[in-house]
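# sharing a model that was predicted from the sequence below.
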Amino acid sequence: MARENLVSLRRKSFGRRLINDWQLYLLLLPGLIWFLVFAYRPLAGLQIAFYDYNVWGGLPKSDFVGLENFTRYLSSPDFKRTAINTVMLAVWQLGIVFPFSILLAMLVTESTNRLISRMTMTVTFLPYFISAVVVAGMVVNFTSPSYGIVNLILEKMGLESVYFMTKPNFFRPIYTIMILWMSAGYNSIVYIAAIMGIDSSLYEAATVDGAGRIRRLWHVTLPGILPTIMTMLLLNIGKMIRSGYETIILLYQPTTLEKADTIATYAYRLAFDNGGRADYGLATAVGLFEAVVALLMVAIANRASQKLTSSSLW
């Protein structure tokens with residue numbers, strides 16, 4: 001009886017808030033509709049992963065194969081290659097791109113020259129708004145063996161020009177540098193805001209105790225923004241595992257598939273670039289497998305963060 005009363009009170013409370021704040025809920029409506037239409041409604045298509053999908057007949061005329069598509073992928077030689085490439089690109093981004101944004105935020109906030117700080121933020125922030133297609137085109141031009149600025153510098157140094165985009169071992173560094181240039185400034189804004197929220201009396205106390213700039217950064221700034229760092233890390237782990245296949249597809253060549261082909265790009269090629277033999281069932285199974293792994297990684301990282309730092313997403 002008490003539970004029924006509590007549920008009734010909650011319903012009345014929600015109805016009262018809905019009436020009083022209807023303007024705010026109206027502003028929320030377009031975003032909610034967008035998520036329902038473009039994020040949640042397509043989830044129904046995941047059932048294709050369990051069928052030998054017939055494009056012309058749809059699911060009603062497709063044969064149910066259960067976990068066969070998953071078994072095909074996990075037992076194929078492509079699984080090991082794509083899994084290793086996905087993990088390696090994630091490790092490169094986690095080890096270079098993620099900490100660089102934190103370092104950039106600390107450098108900008110510690111700079112005493114406002115002009116240099118603003119110029120640095122502008123230069124690093126603007127690339128985020130440039131289309132990935134344009135950025136990939138710039139990278140290809142910069143590394144061109146005939147007129148690319150990188151090879152022109154190498155020639156001035158007396159070295160031979162290199163066609164970087166056809167060399168498998170150069171793909172990961174080039175891709176990581178491109179992602180770093182595109183996202184470092186934008187990601188650093190969150191850390192700058194967190195640093196600005198640290199109580200200034202903590203810095204004053206550290207200065208009185210004789211702490212220099214480096215010690216203040218280590219003992220005041222980093223602990224102060226640790227919850228923000230952990231939150232951003234958890235949010236980015238899933239994205240790192242589900243690597244942005246669009247930028248990879250724009251950069252890779254047939255000669256670099258050995259190092260560039262990830263789970264996401266493999267699923268794309270199965271569905272749209274498979275020589276007219278599209279396998280939508282297998283492609284969906286590969287994509288679903290990637291999503292489940294990303295979810296598990298986020299859940300494990302969230303649990304570890306909760307144990308180690310008392311900060312977590314849920």
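Received, thanks.
# show me the shaky parts of the stretch 151-300 of the chain.
The model of the stretch 151-300 of the chain has pLDDT under 70 over residues 242-244, 274-276.
# strands along that one, start to end?
Assigned by DSSP state E, counting those that start in this stretch, the stretch 151-300 of the chain shows no strands.
# need the residue closest to the centroid of the protein.
By CA atoms, centre = their mean, the mean C-alpha position of the chain lies nearest to Lys239, the distance being 3.1 Å.
# give the contact list for that one.
Shown in contact with Lys239 (CB atoms under 8 Å, 6 or more residues apart in numbering): no residues. C-betas here are computed from N, CA, C, even on glycine.
# and for Ser131, the neighbour number?
For Ser131, the count of nearby residues is 8 (other CB atoms under 10 Å).
# hmm, I was thinking of Ile153
Ile153 is flanked by 11 other residues according to other CB under 10 Å.
# and Asn54, by the same measure?
Going by other CB under 10 Å, the residues that sit close to Asn54 add up to 14.
# where does the prediction get shaky in the stretch 1-150 of the chain?
1-12.
# repeat that with 80
By pLDDT under 80, the weakly predicted segments of the stretch 1-150 of the chain are 1-19, 112.
# can you pull out the strands in it?
In the stretch 1-150 of the chain, the strands defined using DSSP E, counting those that start in this stretch lie at 51-52, 63-64.
# the ones you listed: which one's closest to Asn169?
Proximity to Asn169 (CB to CB) singles out strand 51-52 among these, at 38.3 Å.
# run through who's touching that closest one.
Against strand 51-52 from outside (CB under 8 Å, 6+ apart): Leu59, Ser62, Asp63, Phe64, Val65, Glu68, Gly281.
# per-domain residue ranges of this protein.
The chain is divided into the following domains under automatic domain parsing: 1-48, 67-309.
# in TSV: these, plus distance to Val55.
Converted to TSV, the domains of the chain look like this (distance: least, CB to CB, whole Å):
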stretch	distance to Val55
domain 1-48	10
domain 67-309	7
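# which of those domains sits most buried?
domain 67-309 (a mean of 16; mean count of other CB atoms under 10 Å).
# and Asn85, how far is that from Lys61?
Separation of Asn85 from Lys61 (CB to CB, to the nearest Å): 36 Å.
# same check on Leu46?
Noted for Leu46: a distance of 19 Å to Lys61, by CB to CB.
# contacting residues for Gly281?
Contacts for Gly281 (CB under 8 Å, 6+ apart) come out as Ile48, Ala49, Phe50, Tyr51, Asp52, Tyr53, Ser62, Val65, Asn69.
# let's see it at 6 Å
Counting by CB atoms under 6 Å, 6 or more residues apart in numbering, Gly281 makes contact with Ile48, Tyr51, Asp52, Tyr53, Asn69.
# thank you kindly, that will do.
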